[in-house]
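>>> Quick one: sequence plus predicted model below, questions after.
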Amino acid sequence: MAGGKTKKEKARPAGHTPYQGGISFHKSKGQHILKNPLLVDSIVQKSGIKSTDVILEIGPGTGNLTKKLLEVGKRVIAVEIDARMVLELQRRFQGTPHSNRLQVIQGDVLKTELPYFDICVANIPYQISSPSHSSY
Ligand SMILES: C[S@@+](CC[C@H](N)C(=O)[O-])C[C@H]1O[C@@H](n2cnc3c(N)ncnc32)[C@H](O)[C@@H]1O
């Protein structure tokens, strides 16, 4: 079935392939990436971010929301606990026009000294509690 969609594939606007970076996600640890670009747009729109805002993003994952935040805000500080995601984020944005406005911090947001920010955005269903017992 050349070029056809399988039953499991969902329709997506052209040019909007979610970035997964070949990483396997620990769903038991709340790692679900935003795949729907309309949902990403809606979150960003409802958050009321201004072009002058420094944004703190908690748990950027592979950066699907980060990309949009960089488009609308002044700077993004992304705090991510999983080293694999941090590496993927750095790979993804390195050499892009956004790279000098993105600061990636690896660590547990609850234990990290945070720089100044204007607004905080997070897509973390339940894993925000300090996962000292987990294998991050
Ligand atoms: C639901 S995923 C969201 C990924 C991305 N924001 C998106 O919407 O596609 C949650 C992310 O938060 C990270 N995370 C979980 N607990 C955290 C913590 N305490 N501090 C920082 N990051 C955390 C996970 O590793 C994961 O990448």
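Perfect, I can see it now. Bear in mind the structure is a predicted one, so any value in this text is a computation, not a measurement.
>>> Which residues are in contact with the residue in the chain positioned nearest to the ligand?
Closest approach between the chain and the ligand, counting by C-beta to the nearest ligand atom: Gly59, at 2.1 Å. Any C-beta I mention is one placed from the backbone N, CA and C, and that applies to glycine too. Residues near Gly59 by C-beta atoms under 8 Å, 6 or more residues apart in numbering: 30, 79-81, 109, 122-124, 127-128.
>>> So is stretch 101-112 next to the ligand?
Yes. Applying C-beta under 6 Å from any ligand atom, one finds stretch 101-112 touching the ligand at 108-110.
>>> Near Thr112, how many other residues are there?
13 (other C-beta atoms under 10 Å).
>>> likewise the one 4 residues further on?
Other residues near Tyr116 number 7, with proximity taken as other C-beta under 10 Å.
>>> for the ligand, what are the nearby residues on the chain?
30-34, 58-61, 64-65, 79-82, 85, 108-110, 123-125, 127-128, 130-131.
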